[in-house]
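Visitor: predicted model follows, preceded by the sequence.
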Amino acid sequence: MAGQYSTFLAHYTRGQAYLGQHSVAEAAAEFQYLLDHRGLAPFSLLCPLAQLGLARAAVLTGDTEKARKAYQDFFALWKDGDPDLPVLIEAKKEYEKVK
């Protein structure tokens, strides 16, 4: 199990780094890997965060429809999350800009 988490963490970290460099295709590929393999670590918090990463990548490409869908999918994954979590607050602000 620890091996899968470190693999997930590596993909997520690379995705974040690519986003920071505006290398959108590479970032999206890293985040998509996590979502495609979520069965390896079904309770990992990195899966919902990867969904948020996809939303942010779509924003950078100007694909507002894809961004809206990705944000909605993220919110669905964390629908029962604490509404005061900074990541949720930030994501909601970002979503308002693409609605």
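Guide: Yep, it's here. Given the structure is predicted, the values throughout are model-derived calculations rather than measurements.

Visitor: show me where pLDDT drops low in the chain?
Guide: 1-3 (pLDDT under 70).

Visitor: please enumerate the helices of it.
Guide: 2-20, 24-36, 46-61, 64-77, 86-98 (DSSP state H).

Visitor: deepest of these, which one?
Guide: helix 46-61 (a mean of 22; mean count of other CB atoms under 10 Å). (Each C-beta comes from the backbone N, C-alpha and C, glycine too.)

Visitor: what helices and strands are in contact with it?
Guide: helix 2-20, helix 24-36, helix 64-77, helix 86-98 (3 or more CB pairs under 8 Å, 6 or more residues apart in numbering; DSSP states H and E).

Visitor: quick one: the second one to chain centroid distance?
Guide: When you say that, I think you mean helix 24-36. Mean-position distance between helix 24-36 and its chain equals 9 Å (CA atoms, centre = their mean, to the nearest Å).
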